[in-house]
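Novice: What follows is a predicted protein model with its sequence.
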Amino acid sequence: MVVEKFGYVNTIIKSLLIASVLYLAGLILGGKYIYLVSVSGAFFAITYPTTILTVSKVFKEKTSFLTGIIVTVSTAIYMVMNVVIGKLNDTIGYETAFYIIPLCLLISILFMSVIHVKTKHILVRRSEK
């Protein structure tokens, strides 16, 4: 499996980075390159299931509980961001409002990088046992 070969969090970071580059390129280039926004969806799709899988690999105890917390929080953030983008559509226009998505992706990359550093130590300790 590709995710296991490259590492769970590493795969998430790279897929988010590729998704943001493709999405931003599609927005900036527009016209006949707008299809890049759709292509970026293939890389968005990797993120959610891999994140959930990562939770089960990192947390051996209370996995279901922690997965529930992560899913709930991420869904809440997703709903808030939909409202923010909707309000921005009304105020600054949809073409400009959709630039918030690459910004959110960069924030996600930063958080996943912090998680990567923190979980790397946990997983290394487990493999040494």
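Specialist: Great, that's in hand. Residues are numbered from 1 along each chain as shown.
Novice: Tell me where the chain has helices.
Specialist: With DSSP state H applied, the chain shows helices at 2-6, 8-29, 35-58, 63-92, 94-97, 100-128, listed in chain order.
Novice: quick check: angle from the second one to helix 100-128?
Specialist: Orientation of helix 8-29 against helix 100-128 (axes from the mean of the first three to the mean of the last three Cα atoms, to 10 degrees) gives an angle of 170 degrees.
Novice: pLDDT (mean, whole number) over helix 8-29?
Specialist: Summarised as a single mean, pLDDT over helix 8-29 is 93.
Novice: Return the most buried member of the helices of the chain.
Specialist: When the helices of the chain are scored by mean count of other Cβ atoms under 10 Å, the highest mean neighbour count falls to helix 8-29 (a mean of 20). Heads up, the C-betas are built off the backbone N, CA and C, glycines and all.
Novice: quick one: low-confidence parts of the protein?
Specialist: Within the chain, the segments meeting pLDDT under 70 span 1, 121-129.
Novice: what are the phi and psi angles of I34?
Specialist: According to degrees, to the nearest 10, the main-chain angles of I34 amount to phi -60, psi -20.
Novice: swap that for K62, please
Specialist: Here is the backbone geometry of K62 (degrees, to the nearest 10): phi 60, psi 40.
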